[in-house]
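Fold the stuff below for me.
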Amino acid sequence: MAARRLSRRQKQLLDFAHYITSVAWLGAVLCILAIASMARVVDDPETRHAAYAILADLDTTVMIPMALGALFTGVLLAVLTKWGLTRFWWVLVKLVVTIVLTGGGTFALHQQVQEAVVATASGGVAPAGGLWLVVANGVKVSLLAALILISVMKPWDRTPWGERALVRGTQREVSER
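Residues are numbered from 1 along each chain as shown. Here you go, the predicted model:
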């Protein structure tokens, strides 16, 4: 019944928006990983600071909006289609991981990026040498790739809530006959 809320064209457009924001989010994380890695090993203080300043701009203008966009469009897809938010394990896992990545992996790291910009402004180094930004973004790349794989494979069956909804729907169909 929930799948009827969207026309075929609306579903396609929402799918497209979700794909674009998700892929852009992954691309931004890859760029940030590359820049953070370079900033960590470069010897020139001005280049190091410029790298962290670029990283901060990318974080604010691309990473955060795309993470929120992927989360928002994913929730809409789940709610407005047959998949639901809690009916299938693969959707629920994607939801939880996306919330963790958006909150912890995007907004928490945003503070680290800002600290790196400030610390390198006068020729210093980023806190902990910027290692945390490299490691955390490496983990984010892996988790985002795993989310894409989960979307394609849909590896797990229904949750207990999805089973109950299936049984209720079947009982309703029988009683309507």
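
what's the burial count for the nearest residue to Ala121 once chain neighbours are set aside?
Spatial nearest neighbour of Ala121, chain neighbours left out: His49 (5.9 Å); criterion: Cβ to Cβ, 6 or more residues apart in numbering. Any C-beta I mention is one placed from the backbone N, CA and C, and that applies to glycine too. Using other Cβ atoms under 10 Å, His49 has 23 neighbouring residues.

With the one 3 residues further on instead?
Here the count is done by other Cβ under 10 Å, and Tyr52 has 28 residues near it.

for it, helix, strand, or coil?
Classification of Tyr52 using DSSP: H, G, I helix; E, B strand; the rest coil returns helix.

didn't it look like it was pressed against Ala39?
Yes. Tyr52 lies in contact with Ala39 (Cβ atoms under 8 Å); the separation is 5.5 Å.

now the helix or strand hosting Ile64, how far from the centre of its chain.
Element membership for Ile64 (DSSP states H and E) is helix 64-80. Relative to its chain's centre, helix 64-80 lies at 9 Å (Cα atoms, centre = their mean, to the nearest Å).

and if you look at stretch 33-42?
Offset of stretch 33-42 from its chain centre (Cα atoms, centre = their mean): 22 Å.

For stretch 59-76, output the C-alpha coordinates as PDB.
The C-alpha coordinates for stretch 59-76 follow below in PDB (Å, rounded to 0.1, in the frame of the first residue of the first chain):
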ATOM      1  CA  ASP A  59      33.500  19.800   4.000                       C
ATOM      2  CA  THR A  60      31.100  22.700   4.300                       C
ATOM      3  CA  THR A  61      30.000  23.100   0.700                       C
ATOM      4  CA  VAL A  62      29.800  19.400  -0.500                       C
ATOM      5  CA  MET A  63      30.200  16.900   2.300                       C
ATOM      6  CA  ILE A  64      27.600  18.100   4.700                       C
ATOM      7  CA  PRO A  65      24.900  18.900   2.200                       C
ATOM      8  CA  MET A  66      25.400  15.600   0.300                       C
ATOM      9  CA  ALA A  67      25.400  13.600   3.500                       C
ATOM     10  CA  LEU A  68      22.100  15.200   4.600                       C
ATOM     11  CA  GLY A  69      20.700  14.800   1.100                       C
ATOM     12  CA  ALA A  70      21.500  11.100   1.000                       C
ATOM     13  CA  LEU A  71      20.000  10.600   4.400                       C
ATOM     14  CA  PHE A  72      16.900  12.600   3.600                       C
ATOM     15  CA  THR A  73      16.300  11.000   0.200                       C
ATOM     16  CA  GLY A  74      17.000   7.500   1.600                       C
ATOM     17  CA  VAL A  75      14.400   8.000   4.400                       C
ATOM     18  CA  LEU A  76      11.900   9.300   1.800                       C
END
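
Right, I'll leave it there.
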